[in-house]
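Engineer: Have a look; sequence and predicted model below, questions after that.
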Amino acid sequence: MSDLKSRFESAVATTKTLSERPDNQTLLRLYSLYKQGTAGDVTGKRPGFSDLVGRAKFDAWASQQGTTAEAAMQAYIDKLAELQG
């Protein structure tokens, strides 16, 4: 897992330096994979209707429910590789 974690951390750093900003759906996908890989299953209450961004992030993270940290980290790495072409 140590190798996976270091590749994941490297991918997270690389994501911040992409030449083009990904679309919102892709950003939500990366966010949900990051949260699942680092914090596990979603916790807390779903934000209210007026907090559209918080609600979208919560829902994206909740869609990863049950995914292992290792699988989420690998999916993040794979998604970044796809974005880089």
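Structural biologist: Alright, I've got the coordinates.
Engineer: Please compute how far the helix or strand containing residue 36 lies from its chain's middle.
Structural biologist: According to DSSP states H and E, residue 36 maps onto helix 24-39. Between the centre of helix 24-39 and the centre of its chain there are 2 Å (CA atoms, centre = their mean, to the nearest Å).
Engineer: same question, stretch 19-39
Structural biologist: Relative to its chain's centre, stretch 19-39 lies at 4 Å (CA atoms, centre = their mean).
Engineer: List the buried residues in that stretch.
Structural biologist: 28-37 (16 or more other CB atoms under 10 Å). Where you see a C-beta, it was placed from the backbone N, CA and C, and this is true even at glycine.
Engineer: farthest residue from the center of the protein?
Structural biologist: residue 50 (22.9 Å; CA atoms, centre = their mean).
Engineer: quick one: that residue and residue 19, what's the gap?
Structural biologist: Distance, residue 50 to residue 19, by CB to CB, to the nearest Å: 34 Å.
Engineer: got it, and residue 63?
Structural biologist: For residue 63 relative to residue 19 (CB to CB), the value is 28 Å.
Engineer: same deal with residue 72?
Structural biologist: For residue 72 relative to residue 19 (CB to CB), the value is 25 Å.
Engineer: Kindly report the same for residue 49.
Structural biologist: The gap separating residue 49 from residue 19 is 36 Å, by CB to CB.
Engineer: same check, this time on residue 46
Structural biologist: Per CB to CB, residue 46 is found 34 Å from residue 19.
Engineer: likewise residue 65?
Structural biologist: Relative to residue 19, residue 65 is positioned 33 Å away (CB to CB).
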